[in-house]
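1. Have a look; sequence and predicted model below, questions after that.
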Amino acid sequence: MYKSMTLSWTALSTSAFMLFISRDVILVEGACSNNNVAHTGTNATVNLSGVSPNVSHSIPAIQGGYYRVVSGLSAGEEYLFSTCSSSYDFDTQLTVYSVASGALLAYNDDADSTVRATYGCSSRFQSVTTFVSDGGDVRVLVDRYYCRTSSLSAPVFMVRLVPDPGCLSHDACASDEYCDTEGECFVCGACATAYDAFDGVCPTKCGGTVHLEIGSSIPNTTEAATVGIFRDAIQPSSQLYSLFVSSAVPEVTYDAATDVSYPAIMSERLNAKLVNLALIVQSNVQFTQYSASIRVLSSYEVADSLTVSHDSLSYHYEGRALTMRLSCPSAHQASCDDPNLLGELARFAHAAGFDWVWFKDNATVYASVSADTCTSPVDLAFLLDGSGSIEDPSYGGGVGFFAEKELEFARNVTSFFTVGTSANESRIGAVVFSTGATVEFDLATHTSTSAVRTAIADIDYPTGATYMSTGLRLTRTALFENGTIAGVRADSYGIPRVVIVVTDGQSTSGYEPASQAANLHELGVTIFAIGVGSGVDVSQLNDMASNPDDEHVFWIKSYNSIHKIVDAITRSTCATSAQLLCSGSAAGVTLTQGKFKDVEIHEHHSTLLTITVQTTEGTVRAYISDTFAKPGPYRNNQSDVSTAAVKTLYVTLDSSDTSVYIAVQATSSEATFTISLDCSMATIPPTYPPTDAPTRLPTNTPTDAPSDAP
């Protein structure tokens, strides 16, 4: 994504630049004279006032030798005129003159190949030209080749406002700023930590590029915090294994498979990021000068889940990690083994979309990704800021940003979930707030992921003030307190309830979010708060978000960057456990093989918690911890991995135990079960454990990364 965006903008800007620098030659020798005939039919004058960037406006065909007047242009903006069409092959010329002064502004005969590809020209004889307006009206002349008139109609004449590509070099930014991958100038301090310089290199004014050191990672945090915890080793016989893909990227070589290592087998997401990285390596001079390519050393590995040590847990066992190095012709292999170049591979791996990258040693880069999709159901509501500042550049916004950035973000997050009506599927609703709040649709309205994505795209931009508390209150009363009418499932289902708030500023005075957010928290709703731009009040984000703040608060510098946190927010949302109280239950839960149901009990008032898992179909394993969330085969304080239909486990609590975590994993092709809690017992029954006591694994506290990771 980054690469394709960068290339398209570069191509557009370069094409425009070529037109401008050749203007003195082409315009003098080839521009058609300002003597065409004014078109007097429909749309003789085309008004572009208030047009959105990159939206094409079609003007019906006119004959060669005529012109139209274009008005409503904004000073300083770049406009593009085109006769490109897939339906016509009319050999055109375009010439643009100022109406006021008669000055020649732009001209093109045959658009070059890059421009033709960008704008869908069917013929090399079609024309595309751009110019920067001074705000005055222009005449756009359409001529047949050699500036002739013609009785034949020319192709549809297209005009559009070209969006500002932003900075195209570091020199275009201030002395303490660099140009990032979004075409934005940003303060130098972020260059060395965000790794998002447009060319991959921090400029000298920002301290230059400091080569990635062996042993360091991007981001500089634990792997588990970035890609989610390791749950279980996937076996070739499991249903989850069938979701892997066999990678076959042409520009990549793979080491030979063995009985336990399959370098070409990996998750779909891991493969997609490898494709992105391969494209970068094949187009970046740092690598092409040595004819370098990527060599994958390892990816999916088979582990014996009964004997593997928790000290050697690896995301390779889940098919979402790989190790790689650079491969070059023998004459250049020494250069490709240079740690500085390998460090650049690590940088670009992160830019290509790998979630966590580790410069493992002087010959190897390790990279891992989040899970492909969310396999846990959730009742989710988007609470979206529709205030006027969303499209105000001074707040990090821009024209069209509500639909193009904020709504698109919500659509992308939605894609991560399987929406439906069953107990194993998610439900999604949406509320928009500005001067007031509106339920766009509740959790019962749409029953498929595609339907929710379409409904989000259809939300209108209201503009107005920032009534955060009103939005939070309506989300609570209309969605989460309205029960099954609004589609929210009963507590007995044990489905996590989540709200994702997106805002670009601080609330209007008197509409602060703290109290209304607290009301949602009391209902067991987890809130993620996303702040966009410089006008955000971080304290209000913290007031809204669930604890801990560092896991539920996200801040990004502008809406142009909002896509970067889709993975993080979906991963965090999916990782939310269902919350149950004493004497509560999660009834009728159905899972397919290898998947987990996670429950958190964080309000208990006794010293003994009794947990019963009763299976009505299939077989399951139960894992419990009062130490860490998301227990599993390698992370638990207590477990029952027997095939018994009824499993009863006891947890003795003390005042320091704030939460107890339960995970139930299906081991048959499908399993249905109920989790029940009881805090009324004072002591563990003397008959416990039974003579056929279930297997209990020791307390395991694995590292957050492969055993040799930092």
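-> Yep, it's here.
2. Just to check, T92 is in contact with Y145?
-> Yes - here T92 reaches Y145: they are 7.5 Å apart, a contact under C-beta atoms under 8 Å. (Glycine included, C-beta is placed from N, CA and C.)
3. which residues do those two both contact?
-> Contact criterion C-beta atoms under 8 Å, 6 or more residues apart in numbering; residues shared by T92 and Y145: F125.
4. The two: which has the busier surroundings?
-> For T92 versus Y145, the count of surrounding residues by other C-beta atoms under 10 Å is larger for T92: 28 against 15.
5. Is G215 located within a strand, as I assumed?
-> No - applying DSSP: H, G, I helix; E, B strand; the rest coil, one finds G215 to be coil, outside a strand.
6. So it versus I265, what's the distance?
-> 28 Å (C-beta to C-beta, to the nearest Å).
7. Give the residue from these two that has the larger number of neighbours.
-> Neighbours were tallied for G215 and for I265 using other C-beta under 10 Å; the higher tally belongs to I265 (21 against 12).
8. Quickly list what that one is bridged to.
-> S246 (DSSP bridges).
9. ok, which stretches of the stretch 451-600 of the chain are strands?
-> 497-503, 525-532, 553-556, 578-579, 585-592, 596-601 (DSSP state E, counting those that start in this stretch).
10. Let me have these in JSON lines, adding mean neighbour count as columns.
-> Output for the strands of the stretch 451-600 of the chain, formatted as JSON lines (neighbours: other C-beta atoms under 10 Å):
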{"stretch": "strand 497-503", "mean neighbour count": "26"}
{"stretch": "strand 525-532", "mean neighbour count": "26"}
{"stretch": "strand 553-556", "mean neighbour count": "18"}
{"stretch": "strand 578-579", "mean neighbour count": "23"}
{"stretch": "strand 585-592", "mean neighbour count": "19"}
{"stretch": "strand 596-601", "mean neighbour count": "23"}
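11. and Q235, which of those is closest to it?
-> Q235 lies closest, by C-beta to C-beta, to one member of the strands of the stretch 451-600 of the chain: strand 585-592, at 14.5 Å.
12. contacting residues around A349?
-> So A349 contacts 273, 277, 357, 365, 367 (C-beta under 8 Å, 6+ apart).
13. Would you list the phi and psi of it?
-> Torsion angles at A349 (phi, psi; degrees, to the nearest 10) stand at phi -60, psi -40.
14. And it, what's its pLDDT?
-> For A349, the pLDDT comes out at 91.
15. now do M158
-> Confidence for M158, expressed as pLDDT, is 66.
16. quick one: secondary structure of A346?
-> On the basis of three-state DSSP, A346 is classed as helix.
17. these two touch, right, it and V357?
-> Yes - A346 is within contact range of V357, at 5.0 Å (criterion: C-beta under 8 Å).
18. Now for the two: what residues contact both?
-> Counting by C-beta under 8 Å, 6+ apart, the residues touching both A346 and V357 are 218, 365, 367.
19. Report the beta-bridge partners for the second one.
-> Using DSSP bridges, the bridge partners assigned to V365 are M324, F359.
20. The residue nearest to A264 when sequence neighbours are not counted: what's it in contact with?
-> Take A264 and drop its neighbours on the chain: the residue closest to it by C-beta to C-beta, 6 or more residues apart in numbering is Y254, 4.4 Å away. For Y254, the contacting residues are 247, 263-264, 295-296, by C-beta under 8 Å, 6+ apart.
21. nearest to Y623, of those?
-> P263 (31.0 Å).
22. circling back to that earlier point, top of the shared contacts of A346 and V357 by number of neighbours, please.
-> Busiest of the shared contacts of A346 and V357 [other C-beta under 10 Å] is A367, holding 29 neighbours.
23. Make sure that one is indeed in a helix.
-> No - looking at A367 with three-state DSSP, it is strand, so not inside a helix.
24. Isn't it up against W358?
-> Yes - assessed by C-beta under 8 Å, A367 is found in contact with W358 at 7.4 Å.
25. The residue nearest to A264 bridge partners, please.
-> V296.
26. How much space separates it from S267?
-> 15 Å.
27. Could you do Y300 as well?
-> Distance from Y300 to S267, by C-beta to C-beta: 8 Å.
28. cool, and S572?
-> From S572 to S267 the distance is 19 Å (C-beta to C-beta).
29. And the two? Which one has more around it.
-> S267 (27 against 18).
30. next one: phi and psi at L141?
-> phi -90, psi 130.
31. Please name the nearest non-neighbouring residue to the residue nearest to the spatial centre of the chain.
-> Centroid-nearest residue in the chain: V566, 3.1 Å away (criterion: C-alpha atoms, centre = their mean). Leaving out its chain neighbours, the residue that sits closest to V566 by C-beta to C-beta, 6+ apart is N412, at 4.7 Å.
32. Count the neighbours of that neighbour for me.
-> 17.
33. Just to be sure, it is in a helix?
-> Yes - assigned with three-state DSSP, N412 falls within a helix.
34. quick one, strands of the stretch 51-200 of the chain?
-> Under DSSP E, counting those that start in this stretch, the stretch 51-200 of the chain gives strands at 57-59, 66-71, 78-82, 92-98, 104-108, 128-132, 138-144, 157-162, 177-179, 185-187.
35. Partner strands of the fourth one and their direction?
-> Right, the one you point to is strand 92-98. strand 104-108 (antiparallel), strand 138-144 (antiparallel).
36. What segments of the stretch 351-500 of the chain are helices?
-> Using DSSP state H, counting those that start in this stretch, the helices of the stretch 351-500 of the chain run over residues 401, 408-414, 449-457, 468-474.
37. Export these to CSV and append columns for mean pLDDT and distance to E318.
-> Below are these laid out as CSV (pLDDT from 0 to 100; distance: least, C-beta to C-beta, whole Å):
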stretch, mean pLDDT, distance to E318
helix 401, 86, 37
helix 408-414, 89, 22
helix 449-457, 94, 24
helix 468-474, 96, 37
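38. pLDDT score for S247?
-> pLDDT, read off for S247, is 94.
39. My guess is it contacts G319. True?
-> No - using C-beta under 8 Å, S247 is not in contact with G319, being 10.6 Å away.
40. which of these two has more neighbours?
-> More crowded of S247 and G319, by other C-beta under 10 Å: G319, with 27 against 23.
41. and the more buried one, what does it touch?
-> 234, 241, 244, 265-267, 270, 299-300.
42. Which member of those residues is positioned nearest T181?
-> L270 (21.7 Å).
43. Buried ones in whichever helix or strand the closest one is part of, by neighbour count?
-> Element membership for L270 (DSSP states H and E) is helix 268-283. For helix 268-283, the neighbour count (16 or more other C-beta atoms under 10 Å) marks 269-274, 276-281 as buried.
44. That helix: how far from the chain's middle?
-> Centroid separation for helix 268-283 versus its chain: 16 Å, with C-alpha atoms, centre = their mean, to the nearest Å.
45. Next secondary structure element downstream of that helix?
-> Downstream of helix 268-283 (by DSSP H and E), the next one is helix 285-288.
46. Which neighbouring elements make contact with that following helix?
-> Helices and strands touching helix 285-288, by 3 or more C-beta pairs under 8 Å, 6 or more residues apart in numbering; DSSP states H and E, are helix 339-351.
47. ok and the helix it packs on relative to strand 364-368, angle-wise?
-> 10 degrees (axes from the mean of the first three to the mean of the last three C-alpha atoms, to 10 degrees).
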